[in-house]
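Chemist: have a look at this prediction, sequence included:
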Amino acid sequence: MAALSLAPDAAFAAEGLDGAKLSPLWALPFAGILLSIATGPVLYHHFWEHHFGKLAAFWAALVIVPLWLTTGTTVTAHTLAHTALLEYIPFILLLLALFTVSGGIYLQGNLHDSVFTNTVLLAFGTLMASIVGTTGASMILIRPLLRANDDRRHNVHVVVFFIFLVSNIGGSLSPLGDPPLFLGFLRGVEFFWTTQHLWRDTLFVACIVLAIFMVLDIYLHRREDKLPKIKDPTPDSPLRLHGKANFALLIVIIAAILMSGSWKPGISFTVLGTPVELQNLLRDAILVLVTFASLALTKAEHRKANDFKWGPIEEVAILFAGIFICIVPVMAMLQAGANGPFAPLVALVSHADGSPNNAAYFWLTGGLSSFLDNAPTYLVFFELAGGDAKALMTSGAATLAAISAGAVFMGANTYIGNAPNFMVYAIARDAGVKMPSFFGYMLWSGAVLIPVFLLATWVFFI
């Protein structure tokens, strides 16, 4: 791979990668690491659990080594520093802060199962996801929802719709909601842009999916009423919320993100050729302090009750280090547009007159986000649409909305489309819910979500 990717022409300008001259083979490590992430937890779980870090390092090395052999130490170091300082580190620090803070919020007690209770919990979780993130909302609410439905014969649908709404669709209204949107924020998309431009799409899709759930839950409740009752293993008890200090820390996180997007003191520090602005440095420092504050202010027993562990965020940090390295040449080739190796993809998302095909952006972003990680998929199509946040927020608003909605909504199509999906699946299975298989879940998403997304395409993107 390293030998084949060294094109005979000078593929690198003095300031970095020249995407127009890169061989398409440079995209193979990026495809390789995404396919590894997609197949590892499902097809070779034991091997993946113990060696995912080595696989991520392997794919990253297939970019770093040819890059170093071709350009030398300086360009390689500057390229990697740019990716690490401006994208990877802020991205991981936000996830770490949200993961730690949400893990300190524990909802104790058990509600009585009813259509009303289930619908309210799903609706509340959908709204909550854009504030604490899809992972945070999922981890806070999945166990109360499971306890409320653990005396039912039919409870699989409750978890499936929870994944649809709380773990995915609900995260579309802010950069805190889902990782793709925060990457957009780091690229210059304003904090409240998604709130202003996706609230109709989100309300439309979420209300339809929630209505389908209500009808199905009513039907299954009526079926169960005719059968002998199952003894409730967790009797009803009042709800008690623990870790309230973490809600104040969530406000600090939001304030830090807003500060970095609005306060421009014009002070920056250059590290390995990469300018790091003061407001962004301060934001990242606040996120680190919030993480430690949450650990100090939250009782250990509440985190234990939430089954809080560092494993998930550790895996995300390692895998995304590899992803952000592997995506560097892909970004360069996409920035070359019609002059680069991905010219056919540019044509695929464009009309004959050159205008963007927003329906194609929605489905291509969503289709890949269903099976690959939706954060790097978002970046690919963000660059394909021009990569200029100011232009995309104004004249290209419909295109950016299509990319954002596709990445967030369609992460619900499979267990591996978004990080919380498989976590919720594992928690529900451990709680005794007979969760569908990988392809069984896709039958659910195909029957419920795909028709809704087709309708949303007709309403918003054509």
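Modeler: Happy to help now that I have it. Being a predicted model, the structure only gives us computed values, none of them experimental.

Chemist: low pLDDT regions in the stretch 301-450 of the chain?
Modeler: By pLDDT under 70, the low-scoring segments of the stretch 301-450 of the chain are 372-373.

Chemist: how does it look with 90?
Modeler: For the stretch 301-450 of the chain, applying pLDDT under 90 flags the ranges 301-320, 323-324, 326-356, 364, 367-381, 383-388, 414-442.

Chemist: helices along that one, start to end?
Modeler: For the stretch 301-450 of the chain, helices defined by DSSP state H, counting those that start in this stretch occupy the ranges 311-335, 343-348, 358-371, 374-384, 389-393, 397-409, 419-430, 438-456.

Chemist: most tightly surrounded among the ones you listed?
Modeler: Highest mean neighbour count among the helices of the stretch 301-450 of the chain (mean count of other CB atoms under 10 Å): helix 397-409, with a mean of 27. The C-beta positions use only the backbone N, C-alpha and C, and glycine is treated the same way.

Chemist: please name every helix or strand in contact with that one.
Modeler: Helix 397-409 sits against helix 179-186, helix 193-225, helix 358-371, helix 374-384, helix 389-393, helix 438-456, with contacts defined as 3 or more CB pairs under 8 Å, 6 or more residues apart in numbering; DSSP states H and E.

Chemist: make a markdown table from the helices of the stretch 301-450 of the chain and add distance to E190 to it.
Modeler: Listed next are the helices of the stretch 301-450 of the chain as a markdown table, based on distance: least, CB to CB, whole Å:
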| stretch | distance to E190 |
| --- | --- |
| helix 311-335 | 21 |
| helix 343-348 | 26 |
| helix 358-371 | 20 |
| helix 374-384 | 14 |
| helix 389-393 | 7 |
| helix 397-409 | 11 |
| helix 419-430 | 25 |
| helix 438-456 | 23 |
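
Chemist: nearest to T100, of these?
Modeler: Proximity to T100, assessed across those by CB to CB, is greatest for helix 311-335 (8.0 Å).

Chemist: angle of the closest one against helix 374-384?
Modeler: 20 degrees (axes from the mean of the first three to the mean of the last three CA atoms, to 10 degrees).

Chemist: angle of helix 311-335 against helix 419-430?
Modeler: Using the same axes, to 10 degrees: helix 311-335 against helix 419-430 is 150 degrees.

Chemist: check which helices and strands helix 311-335 is in contact with.
Modeler: Contacts defined by 3+ CB pairs under 8 Å, 6+ apart place helix 311-335 against strand 16-17, helix 28-43, helix 45-71, helix 73-83, helix 89-103, helix 374-384, helix 419-430.

Chemist: pick the most buried one from those.
Modeler: helix 374-384 (a mean of 26).

Chemist: of all the helices and strands packed on helix 397-409, which one is nearest L127?
Modeler: Taking the helices and strands packed on helix 397-409 one by one with CB to CB, helix 193-225 is closest: 9.0 Å.

Chemist: name the residues that touch the next helix or strand after that closest one?
Modeler: Downstream of helix 193-225, the first helix or strand assigned by DSSP states H and E is strand 237-242. Around strand 237-242, the neighbours that count as contacts under CB atoms under 8 Å, 6 or more residues apart in numbering are I105, Y106, L107, Q108, G109, N110, L111, P144, K299, H302.

Chemist: tabulate these (TSV), appending secondary structure and distance to I267.
Modeler: Below are the contacts of strand 237-242 laid out as TSV (DSSP: H, G, I helix; E, B strand; the rest coil; distance: CB to CB, whole Å):
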residue	secondary structure	distance to I267
I105	coil	35
Y106	strand	41
L107	strand	42
Q108	strand	46
G109	strand	49
N110	strand	52
L111	coil	51
P144	helix	46
K299	coil	40
H302	helix	40
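
Chemist: of those, buried ones?
Modeler: For the contacts of strand 237-242, a burial check counting by 16 or more other CB atoms under 10 Å picks out I105, Y106, L107, N110, L111, P144, H302.

Chemist: between the residues you listed, which sits nearest W59?
Modeler: Scanning those for proximity to W59, where the rule is CB to CB, the winner is I105, at 35.3 Å.

Chemist: quick one: the closest one and F247 touch, right?
Modeler: Yes: counting by CB atoms under 8 Å, F247 is a contact partner of I105 at 7.3 Å.

Chemist: just the CA trace of stretch 158-175, in CSV.
Modeler: What follows is stretch 158-175, C-alpha atoms only, in CSV (Å, rounded to 0.1, in the frame of the first residue of the first chain):
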residue,chain,number,x,y,z
VAL,A,158,-39.5,0.0,23.3
VAL,A,159,-35.7,-0.4,23.1
VAL,A,160,-35.7,-0.3,19.3
PHE,A,161,-37.6,3.0,19.2
PHE,A,162,-35.4,4.3,22.0
ILE,A,163,-32.4,3.8,19.7
PHE,A,164,-34.3,5.5,16.8
LEU,A,165,-35.3,8.6,18.8
VAL,A,166,-33.0,9.1,21.8
SER,A,167,-29.8,7.6,20.5
ASN,A,168,-30.0,9.3,17.0
ILE,A,169,-32.8,11.6,15.8
GLY,A,170,-32.9,13.7,19.0
GLY,A,171,-29.2,14.7,18.6
SER,A,172,-29.8,16.9,15.6
LEU,A,173,-30.5,20.2,17.2
SER,A,174,-27.0,21.3,18.5
PRO,A,175,-23.3,20.6,18.2
